[in-house]
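Visitor: Any chance you could fold what I've pasted below:
(2 chains)
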Protein chains: 2
Amino acid sequence: MSTTFPPLALPTRLLHGPGPSPVAPSVLEALAKPCIGHMDPEFMRVMNEVRAMMQAVFRTENEMTLACSGTGSAGAEMLMDNLVEPGDTCLIGVNGVFGGRLAEKAGRAGGVVETMELDWGLAFDQDALIAKIEETKPKLVAVVHAETSTGVLQPFDRLGEAVHKHGGLLVMDCVTSFAGAPVEIDAWGVDAAYSGTQKCLSCPPGLAPVTLSERAMHKVNNRATKVNSWYLDLTLVGNYWSGSRAYHHTAPVNMNYALHEALRLVLEEGLEERFARHEAAHQQLKAGLLQRGFKFASDPEHSLPMLNLVSVPESIFNEAAARKQLLTENNLEIGGGLGALAGKCWRIGLMGHGARSENVGAILTALDSLG
Amino acid sequence: MSTTFPPLALPTRLLHGPGPSPVAPSVLEALAKPCIGHMDPEFMRVMNEVRAMMQAVFRTENEMTLACSGTGSAGAEMLMDNLVEPGDTCLIGVNGVFGGRLAEKAGRAGGVVETMELDWGLAFDQDALIAKIEETKPKLVAVVHAETSTGVLQPFDRLGEAVHKHGGLLVMDCVTSFAGAPVEIDAWGVDAAYSGTQKCLSCPPGLAPVTLSERAMHKVNNRATKVNSWYLDLTLVGNYWSGSRAYHHTAPVNMNYALHEALRLVLEEGLEERFARHEAAHQQLKAGLLQRGFKFASDPEHSLPMLNLVSVPESIFNEAAARKQLLTENNLEIGGGLGALAGKCWRIGLMGHGARSENVGAILTALDSLG
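Guide: Next comes the predicted model:
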């Protein structure tokens, strides 16, 4: 292969899959600001502001709130690696791909993993989860708040109390809900949560907002064994984000600029206003899809506004070809099904900057063009 | 803390510490191009071109060449986590901070680690390393090519043969040398190497170029145990970068744009020309420093052109204050000493876009202002 290439020429896509989502122009501008050093006092200020804004969006006062230097999956692994010690009992809710990944990560961290399974497209009944917690008294419980593979929103408000009653920790995946629907870390008693930048934050992928309670950090600070990962070791990363500011790794400086601007836009709009905008776009899309005969494949009582799971219409012979047509002819990206839903479902995202009436219109028009 | 902040206003720094380094304008422009999906065929093209260009700079034909979705430290961890199985004997050369980190990571991966220590500022004699390899016959040998903490360039050309003779694998840290000095993966028999984007590539931090030989991938593909890390598991990440293109995690799309442009600039300039430019800037800086009475603190026979380790002049009472003065009054960042060299040495970088005569002039002028 030749190694002489012209400068990148890229298409402009309408990003309405499961992420990445459309990025606001000012976020791209922030991304391209001149790089400064990761130990520069001015970058420390950026980190402080990023943390304060993440705390506001997480609705938490957790000091240990930071942007993990990897994508959402790295954030998940940071929590599992630090919070699970070999032999710890872990209860993981699995009703989609990402619950399954949490179980896999807890297992690699040395946990003795028990899963609670549920049909994909459904949300767990909190009473059923609580009964299982009472029964197994796990040291760690992890549940996905917004299953990106199924478009399901999981009720969460009563889980913290049940987990804490037995001295356990509650971990939440809010990759897809963060900044698009209410995420109440402190009110729900969540001990640790992670997200990604490329969903409702509308920032390019590359960082994972994470937050940990004092209870969670007590566990981290009193481990008997070293964390598997040095890169994601919270005692080291935490010292860089606050405390001694000791050098650990070279932070992705420019990605933190972009996250700063993305968070700023979220708070400038207002959380409630932003959630309402996501809900309104969802209702508009839902009405349009139902009118066109699409069938939703997730429980309508627990649908995510920012990610809509629909069955592939029977009139579509080759769903991958149809998505490719949308991409190449309409510059519209929607997502295929993941895992057990591959080939059966489509995932239509309305995230962050893209949760707007004009985007819904463009999606419906493009779908109409499939004939 | 209030969560209302204005858009980021940042100073423009002359980045002449140990990285990040000055970023070329076209790299920042590439970074800010509109985000597309991580499964978009157009992004697959970007990945293919990034891989081809990394192969050219690594001077390798390794198929398993990819950009790890984290900073250089994540690249190091990816290699250690995948190449070390519990109980594997590892020999790690430690003559600075980053050799020590490799030993730490090999240990966390389950390796039985033996270190070979040397005074900081010196390079290992290859014969001494080879004798130690003959003696211990380790399954993995890891040596730092360019010690970012000491400014030392390690001769490497004879190590591969010695390691392979006993069936072992040779791992190289080329974080600081990659794209600034010759790195000959295939010719030197290196089985696995990692770098970072923020040194001589002159790209913002956030990705780690890595490459693995077929011999290394044979080890990865025949592990008896799972890799500790799911995020860095090469059988999963590798399937996304080539082969089945199976979704693993959402790649940092825009960072890969920037890496594409940074690599393009390297190859457009030409590797030999780029190495010569780094050497010329180094000689100019060295002459200016010696003229001003600075003393180099690394072996002059094995000095890195792109990172100059000098003793803090005796006339400087408070070295941290002096560096802060350079930063705030001259917008010049130079690096302090790391680890055992903290408070004793400065590290002056001339990396990538910053390895130019005018930058050397600005550095010397700023140092003169310290009085």
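
Visitor: same for the biggest helix by length in chain A, what does it pack against?
Guide: For chain A, the helix with the greatest residue count under DSSP state H is helix A:271-291. Secondary-structure packing of helix A:271-291 (3 or more Cβ pairs under 8 Å, 6 or more residues apart in numbering or on different chains; DSSP states H and E): strand A:307-311, helix A:357-369. For every residue, glycine as well, the C-beta is placed using N, CA and C.

Visitor: Stretch A:57-65 close to chain B?
Guide: No - using Cβ under 8 Å from any Cβ of the partner chain, stretch A:57-65 stays clear of chain B, coming no nearer than 8.8 Å.

Visitor: got the contact list for that stretch?
Guide: Here stretch A:57-65 makes contact (Cβ atoms under 8 Å, 6 or more residues apart in numbering or on different chains) with A:51, A:54-55, A:178-179, A:182-187, A:193, A:209-214, A:216-217, A:234, A:238, A:241-242, A:263, A:266-267, A:271.

Visitor: Just the buried ones out of these, please.
Guide: A:51, A:54-55, A:178-179, A:182-183, A:185, A:193, A:209-213, A:216-217, A:234, A:238, A:241, A:263, A:266-267, A:271 (16 or more other Cβ atoms under 10 Å in any protein chain shown).

Visitor: A:Ala12: neighbour count?
Guide: Not Ala; residue A:12 is Thr. A:Thr12 is flanked by 11 other residues according to other Cβ atoms under 10 Å in any protein chain shown.

Visitor: Check which helix or strand the closest residue in space to it that isn't next to it in sequence maps to.
Guide: The shortest distance from A:Thr12 to any non-neighbouring residue, by Cβ to Cβ, 6 or more residues apart in numbering or on different chains, is to B:Pro34 (5.1 Å). According to DSSP states H and E, B:Pro34 maps onto no helix or strand at all.

Visitor: Now for B:Pro34: which residues touch it?
Guide: The neighbourhood of B:Pro34, defined by Cβ under 8 Å, 6+ apart, consists of A:10, A:12-13, A:23, A:28.

Visitor: Among those, name the buried ones.
Guide: Burial by neighbour count, judged by 16+ other Cβ under 10 Å, picks out A:10, A:13, A:23, A:28 from the contacts of B:Pro34.

Visitor: any chance of those residues in TSV, with pLDDT and secondary structure too?
Guide: Shown next, in TSV, are the buried ones among the contacts of B:Pro34 (pLDDT from 0 to 100; DSSP: H, G, I helix; E, B strand; the rest coil):
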residue	pLDDT	secondary structure
A:Leu10	96	coil
A:Arg13	98	coil
A:Val23	98	coil
A:Leu28	98	helix
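
Visitor: what two of those are the furthest from one another?
Guide: The span of the buried ones among the contacts of B:Pro34, defined through Cβ to Cβ, is set by A:Arg13 and A:Leu28 at 13.9 Å.

Visitor: any chance you could map the helices in chain A?
Guide: Going by DSSP H, chain A shows helices at A:25-31, A:41-58, A:72-83, A:97-108, A:126-136, A:159-165, A:214-221, A:234-241, A:253-269, A:271-291, A:319-330, A:357-369.

Visitor: and the last one, average pLDDT?
Guide: Along helix A:357-369, the predicted confidence averages to a pLDDT of 98.

Visitor: Which strands or helices does it pack on?
Guide: strand A:14-15, helix A:271-291, helix A:319-330, strand A:332-333.

Visitor: Pick the most deeply packed of these.
Guide: Using mean count of other Cβ atoms under 10 Å in any protein chain shown, the stretch among those with the largest mean neighbour count is strand A:14-15, at a mean of 24.

Visitor: other SSEs contacting it?
Guide: Using 3+ Cβ pairs under 8 Å, 6+ apart, strand A:14-15 is in contact with strand A:332-333, helix A:357-369.

Visitor: Please identify the most buried of those.
Guide: Ranked by mean neighbour count, those are led by strand A:332-333 with a mean of 22 (mean count of other Cβ under 10 Å).

Visitor: Distance-wise, check the most centrally placed residue in chain A relative to A:Met78.
Guide: Per Cα atoms, centre = their mean, the C-alpha nearest to the average position across chain A is that of A:Val175, at 0.9 Å. Taking Cβ to Cβ, to the nearest Å as the measure, A:Val175 falls 13 Å from A:Met78.

Visitor: Identify the contacts common to the two.
Guide: A:Tyr194.

Visitor: dump the residue contacts of the spatially closest residue to A:Leu28 that is not a sequence neighbour.
Guide: Computed as Cβ to Cβ, 6+ apart, the closest residue to A:Leu28 that is not its neighbour in sequence is B:Ala32, at 4.4 Å. B:Ala32 makes contact with A:28-29, A:31-32, B:254 under the criterion Cβ under 8 Å, 6+ apart.
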